[in-house]
Structures are given as structure tokens and as C-alpha cells.
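[1] missing the sequence, but the structure's below:
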């Protein structure tokens with residue numbers, strides 16, 4: 001399989017370059033040049049597989065030029081051996097909805113599913129190439145901890161994680177900043193997640209800098225994360241044994257997780273609608289409902305992993321709805337950078353065939369947590385609560401809600417809603433009492449680059 005950039009589809013790359021680069025040199029995101037859909041017989045054959053074997057079937061076509069099937073199987077099994085659920089994920093009922101619990105990995109968030117896979121894929125690459133990588137990642141809360149857990153202590157790799165200072169939950173922060181391995185560096189940026197993300201993109205775009213430190217990234221723009229996340233859409237569809245198409249409600253910030261669902265649909269999975277569930281930072285809801293893709297000031301909410309205004313992975317959707325025209329996509333991205341983009345009616349019609357959206361404000365989110373605890377004795381984290389709340393607002397009474405994080409990571413939100421919070425699992429409680437180690441830096445590209453260079 002060959003890959004092209006959303007902003008320049010004239011140059012074709014293999015999976016290794018796409019995986020290690022993360023971002024194209026002109027700032028575009030990588031997508032497959034062509035994508036084959038599975039037929040009904042393929043899907044019937046997949047139904048019988050456990051999670052690891054299904055992952056092998058879904059992932060290998062995307063990376064077969066990089067890794068053989070046997071080594072990929074070893075990596076998948078190693079990646080999911082630390083999960084508390086044997087089948088990686090768990091599906092539970094919540095009244096007439098289904099919750100897809102994606103938080104049974106080592107840092108209690110859906111990011112673990114892709115990140116454990118990526119960490120071991122990096123190690124495979126480094127073992128073969130005798131190279132050294134500096135991984136730089138921005139986090140709105142959960143990505144950082146998942147990336148650190150996947151990469152800490154691994155040879156020939158450093159990881160630098162940028163998080164918005166004082167804008168993530170205490171538990172989210174401590175799961176990152178109490179890690180003591182020498183190849184882990186935490187940076188608290190005086191700003192919001194979009195500032196962190198822009199700094200990482202600027203470092204990628206500075207070719208002299210990125211090449212000098214052999215930089216790679218594990219944010220959701222990395223194609224390897226998208227394909228790893230697409231697997232659980234397939235597995236869920238088979239597990240609930242649906243005879244018809246299924247809709248998924250996805251708490252959404254950077255559009256990566258819901259784009260993985262869109263990829264699954266393009267690959268032939270019978271998905272009816274992908275429900276984009278946002279909090280008060282509702283740019284994606286405005287974009288999908290009426291074409292308004294103008295960013296506003298980021299609002300701090302009780303669902304901080306969604307406190308994002310510019311969703312990086314939306315660029316991939318823009319590319320596809322514009323008939324894979326990279327020139328048009330590049331021009332649109334310039335307009336977005338100038339905060340001056342309105343989705344054309346013809347393109348909006350295409351988007352709305354696959355996506356529908358809604359948002360929940362803070363009071364609505366707290367009310368969802370409260371009602372579900374009182375009626376079902378289930379504690380939802382605030383992100384999952386947004387997914388549940390949006391599904392109900394849109395009257396999707398028979399859909400799957402992606403439950404993206406364990407509620408114990410957001411004790412302030414659940415205390416506020418129900419005067420109760422879940423405790424961290426025993427193996428993670430130590431993080432609450434350990435000393436933290438992180439550097440506070442201004443949202444200044446030169447200051448951040450100098451810090452990174454000083455540690456490499």
C-alpha cells in the first residue's frame with residue numbers, strides 16, 4: 001500500500017516513512033493512495049476472530065511493506081498483554097444504548113489501544129535500523145500518559161510530552177509527570193492544547209530542526225494510530241452480532257477517533273451514522289451541522305480532552321470530500337489557518353451522509369452523569385457522558401457510545417455530579433503520592449526547541 005499527503009498527492013511513500021515522519025514535509029497528513037473495501041464474505045470470516053487476530057487481519061494490509069505477518073502478530077500480542085480485559089475492550093449495556101469500554105489499558109484511556117501498538121512498532125523499527133528517535137507529542141490529557149507508558153524505558157528513544165499547564169485533570173497530569181524513566185520529559189505549556197499542538201506541528205515543519213533530532217510523533221495525526229483504532233469498530237460490530245448497520249456516538253476533540261470509524265466505514269463496515277459528540281468547544285458540531293469552521297476561544301470544561309478548537313484529523317475528511325484533490329485541500333488549510341473557512345453546501349451534503357453532530361454543555365454533562373448513576377448505578381467519565389448525552393439529544397436510541405476513559409481520572413467532575421468518585425486501580429495509586437517532574441515553558445517555539453535540544 002502506498003501513501004500520499006493530503007496537501008501533495010504526487011509523492012508516494014511506503015508505511016515506514018509515513019509511520020516515522022508522522023506529518024508530511026509541507027504540513028499535510030498521510031492517507032492511503034487507494035483503499036479496498038471488504039465484501040460481505042470477508043466480514044463473515046472476520047466475525048469468528050478474537051480481538052488480536054482481527055487486529056492482525058485489519059492492520060497488515062496497511063503495513064505489509066514494513067513488517068511481515070508473523071512479527072506483526074507478535075507485536076499485537078505484546079501490545080495487548082497488559083490490558084485488564086482479555087479481549088482488550090468490553091461492551092456493556094446502558095439502558096437502550098451500548099457502551100464500548102475502551103479504557104482497560106495501562107493508563108485507563110482509549111489512547112492505550114493505539115499507543116501500546118505504536119510503542120512496540122517503534123521498537124521493532126529501531127531494532128532493525130539501529131537508529132535513535134525523539135518522539136514529540138502534544139496532549140489534551142490522555143494521549144501523553146498513554147504515549148509515555150508505551151515508550152518509557154525503551155532503548156534508543158526519548159519522549160517529550162507537551163500538555164497545557166493547569167488545564168488537564170490532576171490524575172491525568174500525575175500519570176505523566178510521576179514517571180521516573182530517564183527517557184521521559186514532560187513540558188507544561190502556558191497556553192491551551194491548540195498551542196501545544198501548533199508547537200509540535202511547527203517543529204515538524206522546521207525540517208532542519210526535525211531532521212537534526214530525528215523527530216517522530218505519536219499524535220492522532222500518525223496514521224498508525226488511526227488504523228489501530230479502526231479495529232475496535234469492526235470488533236464491536238461483530239460482537240453485538242448486528243444484522244443491520246450500526247451508529248457510533250464518539251466523544252470528539254481532535255477528530256482522530258471518529259475518523260477511525262469513518263475509515264472502517266470506507267473499508268466496508270456497515271456503519272449508519274458517526275455521531276460527533278462535542279462539549280462547549282463545538283467547532284466540529286458547527287462545521288458538520290452548518291459548515292461553520294471558524295475557531296473561537298477555547299473554553300475550559302470538565303471534559304478537558306475535548307477542549308480543542310482546531311481538530312487536526314478533520315483535514316483528512318476535507319481531502320476525501322474534495323475527491324482526493326490535494327491542491328484544493330492545501331488551499332482550504334490556508335483558509336483554516338487564517339480562521340476564514342466555511343464548508344460549501346455541496347461538501348456539507350457529502351459529510352452529512354456519514355456524520356451527524358451535537359454538543360452538550362457543562363450542566364447537561366453533569367446531569368447525564370447524575371441520571372445514569374441514579375438510574376443504572378453506572379459512573380460515567382465526563383467525556384463518555386457527552387457521548388451518551390448527545391446520542392439521547394439526537395434520539396439515537398440503539399447505538400454504541402464510545403466510553404473513552406475510566407471515571408477515576410476525573411474525580412472533580414464526578415464529585416460535582418454525584419458526590420462520589422471512583423478510585424484508581426491499585427497498580428496506579430502510587431502516582432497520586434509520588435513527586436512530579438515537569439518543566440513549565442512559554443508557548444514559544446524557540447524556547448521549546450531549545451529545551452528539546454538540550455535533552456537530546
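    Structure's in. What do you need? None of these values were measured; they are calculated from a predicted model.
[2] check contacts around residue 177.
    Each residue near residue 177 by C-beta atoms under 8 Å, 6 or more residues apart in numbering is listed here: 186, 436, 437, 438. All C-beta atoms are positioned from the backbone trio N, CA, C, and that covers glycine.
[3] Contacts only, for the third one.
    So the one you mean is residue 437. 177, 178, 180, 186.
[4] rerun at 10 Å
    176, 177, 178, 179, 180, 184, 185, 186 (C-beta atoms under 10 Å, 6 or more residues apart in numbering).
[5] quick one on the thing from earlier: just among the contacts of residue 177, which is most surrounded?
    Within the contacts of residue 177, residue 186 tops the neighbour count with 22 neighbours, counted by other C-beta atoms under 10 Å.
[6] That residue belongs to a strand, doesn't it?
    Yes: per DSSP: H, G, I helix; E, B strand; the rest coil, residue 186 lies within a strand segment.
[7] Which strand residues bridge it?
    In this entry, residue 186 is beta-bridged to residue 161, by DSSP bridges.
[8] Can you give me the separation between it and residue 452?
    From residue 186 over to residue 452 the distance is 12 Å, taken as C-beta to C-beta, to the nearest Å.
[9] any common contacting residues for the two?
    160, 162.
[10] quick one: which two of the contacts of residue 177 are the most distant?
    Farthest pair in these (C-beta to C-beta) is 186 and 436. Separation: 8.1 Å.
[11] tell me which strands and helices the helix or strand containing residue 91 is in contact with?
    Per DSSP states H and E, residue 91 falls inside strand 90-94. Applying 3 or more C-beta pairs under 10 Å, 6 or more residues apart in numbering; DSSP states H and E, we find strand 90-94 packed against strand 97-101, helix 223-239, helix 362-376, helix 382-393, strand 400-403.
[12] Just the angle for it relative to helix 382-393, thanks.
    Note on geometry: by axes from the mean of the first three to the mean of the last three C-alpha atoms, to 10 degrees, strand 90-94 and helix 382-393 are set 50 degrees apart in direction.
[13] ok now strand 90-94, how far from the chain's centre?
    Chain-centre distance of strand 90-94: 21 Å, with C-alpha atoms, centre = their mean, to the nearest Å.
[14] Report the inter-axis angle for that strand versus strand 97-101.
    Using the same axes, to 10 degrees: strand 90-94 against strand 97-101 is 150 degrees.
[15] Pull the residues that contact strand 90-94.
    Contacts for strand 90-94 (C-beta under 10 Å, 6+ apart): 83-84, 98-104, 232, 235-236, 239-240, 372, 375-376, 378, 380, 384, 388, 391, 400-401, 403.
[16] Give me the neighbour count for residue 73.
    17.
[17] give me the element it is part of.
    For residue 73, the host element (DSSP H and E) is helix 69-79.
[18] can you pull the buried residues of that helix?
    Within helix 69-79, the residues scored as buried using 16 or more other C-beta atoms under 10 Å are 72, 73, 75, 76, 79.
[19] elements contacting it?
    In terms of contacts (3+ C-beta pairs under 10 Å, 6+ apart), helix 69-79 is packed against helix 51-63, helix 111-129, helix 223-239.
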